[in-house]
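K.L.:
I'd like to go over a predicted model; first the sequence, then the structure.
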Amino acid sequence: MSLKALIFDLDGVLTDTAKYHYLAWKKLADELGYYFDEEINELLKGVSRINSFEIILKKNNATDKYTPEEKETLANKKNDYYKEMIEQLTPDDILEGILPFITEARNNGIKCAVASISKNAPRVLELLEISDLFDYIADAALVKQPKPHPEIFLTCAKALGFEPSECIGIEDAQAGIEAIHSAGMLSVGVNVTVTSVKPDVVLNSTAELNFEKLRKYC
Ligand code: BG6
Ligand code: MG
C-alpha cells in the first residue's frame with residue numbers, strides 16, 4: 001500500500017482553537033458557578049460539545065441538575081461565546097509547518113481531508129483561508145458517533161475513494177488517536193496527552209511534520 005491521503009483533525013492540529021474553547025467554557029462555567037480549569041479543558045479535546053458539558057457537570061457533581069433540553073441550551077450558549085471569539089482568527093493562526101507540509105503532499109498527488117467533529121470547522125477553515133486546500137471536509141452534523149469511534153475518519157477515506165490503509169490520520173487528542181487506530185489508519189499524534197493508545201508516530205509539534213519521512217510508513 002502506498003500513501004494516498006492525509007486526514008487532519010482541525011482543533012489543535014491546523015490551528016490552536018483549544019484556547020477559545022477553554023475561554024468560552026470558562027465564561028459559561030463562571031456564570032453557572034462551576035469550577036473549570038485548564039486541566040479539565042484537556043479532557044474536552046476531541047470531545048463533542050454536549051459531552052464536553054457533561055464532563056464539566058460531572059466534575060462539579062451536577063450531572064442531574066438539568067434536563068437534556070436545558071443542557072443543550074447551555075452548551076449552545078457556550079457555542080455563541082466561542083463563535084464570537086473565533087472571529088479573531090486569521091491565516092497567521094495556522095500552526096507552524098502545516099502549510100509547507102500540505103503543499104508538499106498536494107504537489108505529490110496526495111489528497112487531503114479534514115475530520116473534525118466541530119460544527120464550527122467550516123467557519124474556522126474559512127477564516128484561516130485554507131478551505132480550498134482540502135479535497136473533502138467532513139460534515140460534523142452528519143457524524144453519528146463521535147471520536148473515539150472511527151466513523152469520521154472512515155467517512156473521509158470513503159469520500160476520497162481510498163482504503164483506510166492508504167490514509168494517515170493526524171490528531172492532537174487521545175480520542176482522535178483511538179479513532180484513527182480503530183479505522184485501521186496510521187496515526188500521527190501531535191502533542192498528545194496519551195492516556196491509553198499511543199500514536200504510531202509521536203510528534204511534539206506540527207513544526208515536526210515531514211512529508212518524506214511520513215510517506216515511508218505506508
Ligand atoms: C473538537 C474540539 O474538535 O470539536 C472539542 O477538540 C470540541 O473541544 C468539539 O468540543 C466540538 O466543537 P463545536 O465547535 O462543534 O462545539
Ligand atoms: Mg483536536
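P.N.:
Here it is on my side, so go on. If you're wondering where the values come from, they're calculated on a predicted model, not measured in any experiment. Ligands and ions are numbered 1, 2, ... in the order given.
K.L.:
in terms of helices and strands, where is residue 105?
P.N.:
Residue 105 belongs to helix 98-107 when assigned by DSSP states H and E.
K.L.:
show me how far that helix is from its chain's centre.
P.N.:
When C-alpha coordinates are averaged (C-alpha atoms, centre = their mean, to the nearest Å), helix 98-107 and its chain have centres 19 Å apart.
K.L.:
for the next helix or strand after it, which outside residues touch it?
P.N.:
Counting by DSSP H and E, the next helix or strand C-terminal to helix 98-107 is strand 111-114. When contacts are defined by C-beta atoms under 8 Å, 6 or more residues apart in numbering, strand 111-114 is touched by residues 4-10, 14, 102, 105-106, 121, 125, 133-138, 156, 159-160, 162. Where C-beta positions appear, they are placed from N, C-alpha and C, glycine not excepted.
K.L.:
ditto for stretch 32-42
P.N.:
So stretch 32-42 is in contact with 18, 21-22, 25-26, 29-30, 55-57, 59-60, 62, 74, 193, going by C-beta under 8 Å, 6+ apart.
K.L.:
among those residues, which are within reach of ligand 1?
P.N.:
residue 21 (C-beta under 6 Å from any ligand atom).
K.L.:
which of the contacts of stretch 32-42 fall within helices?
P.N.:
18, 21-22, 25-26, 29-30, 55-57, 59, 74 (DSSP state H).
K.L.:
next, format these as JSON lines and append distance to residue 203 and pLDDT.
P.N.:
Converted to JSON lines, the ones in helices among the contacts of stretch 32-42 look like this (distance: C-beta to C-beta, whole Å; pLDDT from 0 to 100):
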{"residue": "18", "distance to residue 203": "17", "pLDDT": "90"}
{"residue": "21", "distance to residue 203": "21", "pLDDT": "96"}
{"residue": "22", "distance to residue 203": "22", "pLDDT": "96"}
{"residue": "25", "distance to residue 203": "27", "pLDDT": "98"}
{"residue": "26", "distance to residue 203": "28", "pLDDT": "98"}
{"residue": "29", "distance to residue 203": "31", "pLDDT": "98"}
{"residue": "30", "distance to residue 203": "34", "pLDDT": "98"}
{"residue": "55", "distance to residue 203": "26", "pLDDT": "97"}
{"residue": "56", "distance to residue 203": "29", "pLDDT": "98"}
{"residue": "57", "distance to residue 203": "33", "pLDDT": "98"}
{"residue": "59", "distance to residue 203": "29", "pLDDT": "97"}
{"residue": "74", "distance to residue 203": "35", "pLDDT": "98"}
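K.L.:
pull out the buried members of these.
P.N.:
When the ones in helices among the contacts of stretch 32-42 are checked for burial by 16 or more other C-beta atoms under 10 Å, the buried set is 18, 21-22, 25-26, 29, 55-57, 59, 74.
K.L.:
need the CA coordinates for the host helix or strand of residue 169. CSV is fine.
P.N.:
Using DSSP H and E, residue 169 maps to strand 167-171. Taking C-alpha atoms only, strand 167-171 is exported to CSV below (Å, rounded to 0.1, in the frame of the first residue of the first chain):
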residue,chain,number,x,y,z
CYS,A,167,-4.5,7.0,4.7
ILE,A,168,-2.7,8.7,7.6
GLY,A,169,-4.7,10.5,10.3
ILE,A,170,-3.2,13.4,12.2
GLU,A,171,-4.6,14.2,15.7
